[in-house]
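A.B. asks: Sequence plus predicted model, see below.
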Amino acid sequence: MISMLVAGGVALLLAFAFLAPLESLRWWSRRSDDEVLGELTRAEIEADGGAVLSPQPRRFVVYLSGIGAVDGTTGSRREQAVLDAVLERLPDMVVAADVFPYAVDNRGLTQRATTWFWKRLQRLQRIPVAKTASYLINLRNALRVLVSADPRYGPTYNLAVAQEIAESLTRHGYDWQERRPVTVIGYSGGGQIALGSCWYLAALGVPVSVISIGGVLSDDPSLQRVQHVWHFYGSRDSTHHLGPLVFPGRWPTAPLSDWHKAVHAGRITLRTIGPMKHMGSRDYFDRHHQDAHGVSYRQLTVDALVEALSE
Amino acid sequence: MSVLELLSAVFAAVGDVWAFRAPARLSDPDEAMWAPAVGVAVLAGLSIMIGNAVVFTINRVSGLRMLAGMAMGAVFMALLRMLSATVIAFAAWAVTQGRIDGAMIAITYLFALAPLALSFLMFIPHLGLGIGRLLEIWSVLCLVALLSPVLGVGRWAALAIGIGGWFLSQFVSRMLARPVAALTSRAWTLATGHASLVTAKDILTGATFVPLERQEKRP
């Protein structure tokens, strides 16, 4: 019985792993270079976009959620509360949180043929005893993080997400003539995808930086182009250690990797911001638990974000 | 030998080699050995081809061009493996002072490709790259394990032949990378009228022996 369960689990894992790169490969193979690059350029974006904000805010922020997300529209209230608190203290910014980083075309899991399946799992996320099944969402999205970090699949996947970020910026009034600084905040797996997509945003001439909240970051080539990367993590967050463990470019044996070059250039800031865990209770968005000085975990995260965004 | 018998022999050999055991047919000189050995190599080749199909997809190559490219990729892969086998045969010849059977070395080499039957796992995002390297190491270790009984030498001598041969073949393939790439590129351009995108780096990695070309749509 147990061996059958293990075999079934391995088969499911393999099926998810094999399916993971197919979506972005199909997306890429069905488009011509001109179409893809054209959609990324300023003129094309402006043609489809909304009204440009005037005057332009000091900075635009795009938030990419963690691997528990199912789409870009029904974001977690806890994460939204953090973004609202940041915006309250930095009113000269615009925050966009409508990009689903774990799919091309911004197509959430609840916007496809298998909606019934993902919606059911999403509901299970809130039921403690049935939570295990909902980890399939995490597994599915975590594999997209690996796609983003893979030198074979990453370039097309990150291009698709960059395109969605660019469109989101346009929807929020970004002026592509002025090109104000953009910071992409990624929580958990969103950190790597934020980093990967910045290669293309920087290519559009956007001054771009990345803030990772407990992110699993690789030695992405984007590190050559981003202005700065802040990696905030909790002292009890063991998941963020996967970055330096899984990606050889972050090992001490690769001193010439993009990661180590960026570290030496002082463009990466690694900082413990509190005693947070990666997810669930006591995570970065928890307002009930406090550190030794009586500051809630949520407030610690907000303070760190405000400090980085104020620079 | 019927198809079923052949398949059975191939999978039995794959299982033996994975466990670092010499396949039964390798230790019994009366058995027909070529067919299962070639079967193992074909299985490994097909598995690797899945990875090449991904490279084609990324480069928007499909249909007949994909088939032609994959066929050419298979030829190049076979050539690289033949080169490795030849180098290993020379290393074995040097260690055993000429007491080698060329056919047995070739068959052993083909059997040692068994771990590469799992090369389809390289399709897995990011982790697949590491899996690919592990499979290569596993394959070299299998070769060492098989060479010892075939050549009648000790494990250390087999290790020297296997590892030394592997390093030598890497060196030779790197030396030949540029001229081979230039020749293939020229042949592809003559045949199709388009420039190929195969590079020396592709040859060195052993991953993309496929002359890809970009379809430019001009107004």
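C.D. replies: Cool, got the structure. Numbers count the residues shown, from 1 in each chain, chains lettered A, B, ... in the order given.
A.B. asks: all helices in chain A, in order from the N-terminus.
C.D. replies: Here chain A has its helices, by DSSP state H, at A:2-19, A:22-29, A:33-40, A:42-48, A:77-89, A:115-124, A:131-149, A:154-171, A:189-203, A:242-246, A:258-264, A:297-310.
A.B. asks: Ranked by average pLDDT, which of the ones you listed falls at the bottom?
C.D. replies: Ranked by mean pLDDT, the helices of chain A bottom out at helix A:42-48, with a mean of 52.
A.B. asks: In contact with the residue nearest the centre of chain A, which residues are there?
C.D. replies: Centroid-nearest residue in chain A: A:Gly190, 2.0 Å away (criterion: CA atoms, centre = their mean). Neighbouring residues of A:Gly190 by CB atoms under 8 Å, 6 or more residues apart in numbering or on different chains: A:63-67, A:69, A:101, A:215. Placement of C-beta: from N, CA and C, glycine included.
A.B. asks: among these, who's most crowded?
C.D. replies: A:Pro101 (34 neighbours; other CB atoms under 10 Å in any protein chain shown).
A.B. asks: sorry, back to before: where's the residue lying closest to the residue nearest to the centre of chain A once chain neighbours are set aside relative to chain B, distance?
C.D. replies: Residue nearest to A:Gly190 in three dimensions, not counting chain neighbours: A:Leu64, with 3.4 Å by CB to CB, 6 or more residues apart in numbering or on different chains. For A:Leu64, the distance to chain B equals 18 Å [CB to the nearest CB, to the nearest Å].
A.B. asks: ok so, going back, return the subset of the contacts of A:Gly190 lying in strands.
C.D. replies: Within the contacts of A:Gly190, residues falling in strands by DSSP state E are A:63-64.
A.B. asks: just checking, what packs against whichever strand or helix holds B:Glu136?
C.D. replies: Mapping B:Glu136 onto the secondary structure by DSSP states H and E places it in helix B:127-151. Applying 3 or more CB pairs under 8 Å, 6 or more residues apart in numbering or on different chains; DSSP states H and E, one finds that helix B:127-151 contacts helix B:3-18, helix B:24-27, helix B:63-96, helix B:102-111, helix B:155-192.
A.B. asks: swap the cut-off to 10 Å and go again
C.D. replies: helix A:2-19, helix A:131-149, helix B:3-18, helix B:24-27, helix B:34-58, helix B:63-96, helix B:102-111, helix B:155-192 (3 or more CB pairs under 10 Å, 6 or more residues apart in numbering or on different chains; DSSP states H and E).
A.B. asks: what's near enough to touch the nearest residue to A:Ala149 once chain neighbours are set aside?
C.D. replies: Leaving aside its chain neighbours, A:Ala149 sits nearest to A:Ser218 (3.9 Å; criterion: CB to CB, 6+ apart). By CB atoms under 10 Å, 6 or more residues apart in numbering or on different chains, the contact set of A:Ser218 is A:145-146, A:148-151, A:154, A:191-192, A:195-196, A:242-244, A:246-250, A:257-259, B:126.
A.B. asks: what residues does the stretch 101-250 of chain A put near chain B?
C.D. replies: By the rule CB under 10 Å from any CB of the partner chain, the part of the stretch 101-250 of chain A lying against chain B is A:142-157, A:218, A:246-248.
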